[in-house]
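S.K.: this is the structure alone, sequence omitted:
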């Protein structure tokens, strides 16, 4: 039995023993004796008798062990031309002082603080300062619209908002202070103060209840970490809700610290002194887990990047960061790779940099199509690891556990379920399906440490949204299958399964065919209403830079490829070449929104959209308007 299989079996047979052993990697003010607390099932809790402070575990204990001069955070900002490195001691001191500043304005244990900042060190400092006080942070992606920010203010009822005056994009500066002011005009709840970090690109105007960051910290005294119960919330992170009201995913302190420290070593093979880069944003769960908390919990060096995969300044931006900072492993979204591949399909920029320290590329956030997998593997010459998880789970459900045991990869698969995740494929009636059959991906309860224990202030909605579809299971909302070797293939959201004349077909499978064409940089397939067949698939493709092929020829080749690989049952006949696909800021293609427009419905444009003008350009094509 290999290391992975042994760990996986132990985690399901003896979850208490497995996770209490993992908990020994964390410093506790009161060590837990109990692992799983099922007294309020299905509202499970982990380490309910334990006590700790997450900020202490991320910073102070490394300083106390003699690693204070080790680099903790590298801030690399091509949009401002700035690079700065913070040691563990420096970061600890700054966090302690800002925690003192928060305390001076009345923030204490259990209070909420909304953080509305771009990818700057102060965002990390604010998060860790909240954790130091036992306060609960809720990071809202910088630039979110006032209405969406107001909804989060009313739900979280923060004591204070911590904001930057602006965010800097490659082609524009986004002023944040007017957005915060507008949100407060819309919100019913009014925080006591807004603490504003002034950025020289666009300073904000201070109002009556606004406080200047620099002035506040100049008078602040550092504070020590406040112990909290393992089950106390560390943060609330909002994700889209079907009712329009955002869902506040709760993350506890104890289970979160244990799971992230375990995953950092077992999945990503990152430990003390390793340089780790997650190219995401602190506004998303990926940024919370793997920019801020996980690398610091294990004493690694984390890279905070304020830039884009292309355009800051070119398609070699990622390779420069890896080379300059001696990055051991990178975690990003497949969209980032597709953006680079579109502009630089032959990876000519890569030849300019020495990636000698680079060992692994991790991708997640959306389905990794085999074409992008092969391109990245061939060009970089390192293992490319697809893995799968969600905002709600906080850390990977399925991955190739390279720190535990490097398993063979299969293009299109997120590899295997990780310890603690009892993944099953279910049919509509909740029956477990055999290997190879596609269905709904569900996880047998209880969920492991680090997963959401509930939604903020709404246990009933948590149960209704995630636990009610199948008794005893958490519904992921994704569809796919597990093959005979136990490898998980996630084919996309279950609402991306279309019904063509009674045949249930995965649009993800069709996208894999389109993406394999040498002219295609990225693609999307959606199911649109058809009076005869119920639904028909429509394809949308973006071409690689410099490709010359007529739309008619490309469409004929793509239709033939889908007919060959999927079969005529797919009834795939229509492909449109477009300049860009509408995406969220985290890189997910807005397929559901596209489908609604194509079907002629009035759709609500998600607040997370990266560039609304892309959808405006695509709208006539979706609706077949001349």
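M.R.: Structure's in. What do you need? All figures in this text were calculated on a predicted structure; none of them were measured in a lab.
S.K.: so where is the stretch 151-300 of the chain shaky, pLDDT-wise?
M.R.: The model of the stretch 151-300 of the chain has pLDDT under 70 over residues 240-244.
S.K.: which parts of it are strands?
M.R.: For the stretch 151-300 of the chain, the strands defined by DSSP state E, counting those that start in this stretch occupy 160-164, 166-168, 173-175, 193-197, 210-212, 228-229, 233-239, 247-252, 275-278.
S.K.: pick the most deeply packed of these.
M.R.: strand 160-164 (a mean of 27; mean count of other C-beta atoms under 10 Å). The way it works is simple: take the backbone N, C-alpha and C, and place the C-beta from them, glycine included.
S.K.: and that one with strand 193-197, angle?
M.R.: 20 degrees (axes from the mean of the first three to the mean of the last three C-alpha atoms, to 10 degrees).
S.K.: before we move on, back to that, looking at the strands of the stretch 151-300 of the chain, which is nearest to residue 458?
M.R.: Residue 458 sits nearest to strand 247-252 of all these, at 7.7 Å, using C-beta to C-beta.
S.K.: name the helices or strands packed onto the closest one?
M.R.: Secondary-structure packing of strand 247-252 (3 or more C-beta pairs under 8 Å, 6 or more residues apart in numbering; DSSP states H and E): helix 146-156, strand 233-239.
S.K.: could you redo those as TSV and give each row distance to residue 425?
M.R.: Listed next are those as TSV, based on distance: least, C-beta to C-beta, whole Å:
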stretch	distance to residue 425
helix 146-156	34
strand 233-239	24
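S.K.: report the beta-bridge partners for residue 228.
M.R.: residue 52 (DSSP bridges).
S.K.: surely it touches residue 253?
M.R.: Yes: using C-beta atoms under 8 Å, residue 228 is in contact with residue 253, at 5.5 Å.
S.K.: which residues are in contact with both of those two?
M.R.: When C-beta atoms under 8 Å, 6 or more residues apart in numbering defines a contact, the residues bordering residue 228 and residue 253 alike are 52, 53.
S.K.: tell me the domain ranges of this structure?
M.R.: 3-404+412-480, 501-622 (automatic domain parsing).
S.K.: okay, how far is it across the longest one, tip to tip?
M.R.: It refers to domain 3-404+412-480. 26 Å (C-alpha to C-alpha, to the nearest Å).
S.K.: please apply the same query to stretch 45-52.
M.R.: So stretch 45-52: terminal residues 15 Å apart, C-alpha to C-alpha.
S.K.: go on, stretch 204-216?
M.R.: 16 Å.
S.K.: circling back to that earlier point, what about the helices and strands packed on strand 247-252, which gets the closest to residue 320?
M.R.: strand 233-239 (30.2 Å).
S.K.: centre of the chain versus the closest one, how much separation?
M.R.: 13 Å (C-alpha atoms, centre = their mean, to the nearest Å).
S.K.: what does it rub up against?
M.R.: Under C-beta under 8 Å, 6+ apart, the answer for strand 233-239 is 54, 112, 127, 130-131, 136-140, 152, 155-156, 246-253, 256, 285, 288, 391-392, 456.
S.K.: just the angle between it and strand 247-252, please?
M.R.: Going by the same axes, to 10 degrees, strand 233-239 makes 160 degrees with strand 247-252.
S.K.: quick check: beta-bridge partners of residue 116?
M.R.: Here residue 116, judged by DSSP bridges, has bridge partners residue 163.
S.K.: confirm for me that it is in contact with residue 138.
M.R.: No: using C-beta under 8 Å, residue 116 makes no contact with residue 138, being 9.5 Å away.
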